[in-house]
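**Student:** From the sequence below, what's the structure:
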Amino acid sequence: MIRFILNDHEVSTDAAPSGTLLDYIRYTADLRGTKIGCREGDCGACTVLSGRLRGNGVFYEGITSCLTPLANANGKHIVTIEGLNTDGLNRVQENMVNCSGTQCGICTPGFVVSLCGYVLNPRSSLSKSARDAVDGNICRCTGYKSIERAAKRLDQQLSDLTSGFRLEELIEGNFIPSHFRETVNKLRKVEPPDYVPGGKRVVGGGTDLYVQKPDEIPDMEVEFPFFYREKKGVWVDGEICIISGNGTATDLMDCKELSKAIPGWYGFMKLVSSTPIRNIGTIAGNLVNASPIGDLTILLLALDAELVLKNREEVERNVPLRSFYKGYKKMDMQESEWVDRISFSIPDEDLFNFEKVSKRKYLDIASVNSAIRVKAEGRVMSEVSCSIGGVAAVPLYLERVSAFLKGKEVDAGRVLDAVEILQKEISPISDARGSADYKRLLASQLFKAHFISLFPTVVKMEHVL
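**Tutor:** Numbers count the residues shown, from 1 in each chain. So this is what the prediction gives:
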């Protein structure tokens, strides 16, 4: 039995836990305001809010319901567009109308839900503005400037709020409906789950698997690590960053220690998918998807991450990420194993950079991506770790390039020498993301960009053209 709060009432259902939250909302609960768009997590038409207890309150995140297993709603407050209605238009809806941000209406509910999620967490370090909060929502007919104006007006309205008890002020200000007052008490009364999954396939956020096998998953024996209310996420133990099996990209993005150690961390993580996908997509799931161009994989390869695999007998074994991939979609992982956690040392005065080229800057798959971590003593590189994606059958750790640069002094000539080694280490193919020659060019340019960014007084663009 799955139990959660849907808008303003409790739901208990024995519906298939592997069905999508979107299908339950539309066809079982008959709430048709949540739209079906791409069913791949790209357009945001199906966005809903997922709230979970955190301390004395509820923390809300926008999620794509088309890729979310129904099981992952357990113990949460799920809010659809209908659950955001007040007696008239709420402030977000009013801004969208007054700024001409609506037209055909398919995308509008998703934008409104995302902006209302921002209203509930406007000081979040992950959304610098209301405009950031809709980075997972696509509009095909209205034009973004009108929506941006609505978002800017919302920020202005929120800046006028002064009350220490923000929830009450949001309700009084008609930003959210009054039933949010009772959410904490309602969630505390939701009984613990009595459904204990034990399937053969582990599904975290579902952002990869529901795209690849949408018709097969409902019939699979599946286990859901998100089913239980507790969520470990990402934490730091001394100098080690640890990611749990159900830790999401948002958890990693929100790690304060990483943001402090890597100045560009927020910007790098903004290039990984979109807010609703980062909120539910697990890092472990992204790694075992084994995409040759997975952004998180490339980042973690450069950080020298290690996986802890566990089986149903609770036996663990450690596998360095650099040796995890054995071929295209082939991994050093048994069918009975899953990724229990991931760890890596937090850079201590190391230099780190991430570069990505895709058809769109945000919310798109890379043509080529690359990351580098450099420990430098003056101009001498005592340690170098470089990774690259999109140029081989697997996410590639550039072993020969990294070894060549170790102990060398940084200069433009050394970078160009390393580029020649890089070209011998990669083996791109032509596909929808570009020709093999194009990817070779990108690989060289992104590698040079690392050094232009990290050593701007030593390596200048005109020196490595």
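**Student:** Could you measure from the residue sitting nearest the centre point of the chain over to Glu40?
**Tutor:** Most central in the chain under Cα atoms, centre = their mean is Arg278, positioned 1.9 Å from the mean C-alpha point. Per Cβ to Cβ, to the nearest Å, Arg278 is found 15 Å from Glu40. Where you see a C-beta, it was placed from the backbone N, CA and C, and this is true even at glycine.
**Student:** and if you look at Glu182?
**Tutor:** 35 Å.
**Student:** neighbour-wise, which of those two wins?
**Tutor:** Glu40 (15 against 11; other Cβ atoms under 10 Å).
**Student:** Count the residues that sit near the closest residue to the more buried one other than its chain neighbours.
**Tutor:** Counting by Cβ to Cβ, 6 or more residues apart in numbering, Glu40 lies nearest to Val211, which is 5.0 Å off, once chain neighbours are set aside. Using other Cβ under 10 Å, Val211 has 16 neighbouring residues.
**Student:** check contacts around Val211.
**Tutor:** Applying Cβ atoms under 8 Å, 6 or more residues apart in numbering to Val211 gives the contacts 39-41, 67.
**Student:** That one falls within a helix, correct?
**Tutor:** Yes: assessed with DSSP: H, G, I helix; E, B strand; the rest coil, Val211 lies in a helix.
**Student:** How much space separates it from Ile365?
**Tutor:** The spacing between Val211 and Ile365, counted by Cβ to Cβ, is 12 Å.
**Student:** domain parsing for this structure?
**Tutor:** For the chain, automatic domain parsing gives the domain ranges 2-189, 231-465.
**Student:** Look at the residue of the chain most remote from its centre and report its pLDDT.
**Tutor:** Distance from the C-alpha centroid of the chain, by Cα atoms, centre = their mean, peaks at Gly413 (37.3 Å). On the pLDDT scale, Gly413 is placed at 95.
**Student:** Report the buried members of the contacts of Val211.
**Tutor:** Neighbour-count burial (16 or more other Cβ atoms under 10 Å) applied to these gives 39, 41, 67.
**Student:** Out of these, the closest to Gly57 would be?
**Tutor:** If you rank these by distance to Gly57 using Cβ to Cβ, Leu67 comes first, at 26.5 Å.
**Student:** Give me the secondary structure label for that closest one.
**Tutor:** Recorded secondary structure, Leu67: coil (three-state DSSP).
**Student:** Then Ile372?
**Tutor:** Applying three-state DSSP: Ile372 is strand.
**Student:** can you give me the strands for the stretch 251-400 of the chain?
**Tutor:** 306-310, 316-320, 325-327, 330-331, 338-345, 351-358, 366-377, 380-389, 396-397 (DSSP state E, counting those that start in this stretch).
**Student:** measure the closest residue to Ala151 other than its chain neighbours to Asn137 for me?
**Tutor:** Distance criterion Cβ to Cβ, 6+ apart; nearest residue to Ala151, sequence neighbours excluded, is Ala130 at 3.8 Å. Plainly put, Ala130 is 12 Å away from Asn137 if you go by Cβ to Cβ.
**Student:** more crowded one of those two?
**Tutor:** Asn137 (28 against 25).
**Student:** ok, the more buried one - contacts?
**Tutor:** Asn137 sits in contact with 43-45, 47, 107, 110-111, 114, where contact means Cβ under 8 Å, 6+ apart.
**Student:** Just the buried residues of the residues you listed.
**Tutor:** Neighbour counting with 16+ other Cβ under 10 Å marks 43-45, 47, 107, 110-111, 114 as buried within the contacts of Asn137.
**Student:** what helices or strands is the longest helix seen in the chain leaning on?
**Tutor:** Criterion DSSP state H: the longest helix present in the chain is helix 436-454. Judged by 3 or more Cβ pairs under 8 Å, 6 or more residues apart in numbering; DSSP states H and E, helix 436-454 is in contact with strand 351-358, strand 366-377, strand 380-389, helix 412-425.
**Student:** Columns distance to Tyr325 on top of the ones you listed, output as a markdown table?
**Tutor:** As requested, those are exported to a markdown table (distance: least, Cβ to Cβ, whole Å):
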| stretch | distance to Tyr325 |
| --- | --- |
| strand 351-358 | 19 |
| strand 366-377 | 15 |
| strand 380-389 | 11 |
| helix 412-425 | 15 |
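**Student:** so which of these comes closest to Ser336?
**Tutor:** strand 380-389 (28.3 Å).
**Student:** The closest one: which residues count as buried?
**Tutor:** Buried, per 16+ other Cβ under 10 Å, within strand 380-389: 381, 384-389.
**Student:** which of those residues lies closest to Asp350?
**Tutor:** Using Cβ to Cβ, Ser385 comes nearest to Asp350 of those, at 9.1 Å.
**Student:** For the residue nearest to Ala151, give me its contacts.
**Tutor:** Applying Cβ under 8 Å, 6+ apart to Ala130 gives the contacts 115, 118, 122, 151-152, 154-155, 158.
**Student:** Highest neighbour count among the residues you listed?
**Tutor:** The most crowded member of the contacts of Ala130, judged by other Cβ under 10 Å, is Leu115 (28 neighbours).
**Student:** Verify the stated contact: that residue with Leu154.
**Tutor:** Yes: taking contacts as Cβ atoms under 8 Å, Leu115 lies within contact range of Leu154: 6.1 Å.
**Student:** between these two, what contacts are shared?
**Tutor:** With Cβ under 8 Å, 6+ apart as the test, Leu115 and Leu154 both reach 92, 130.
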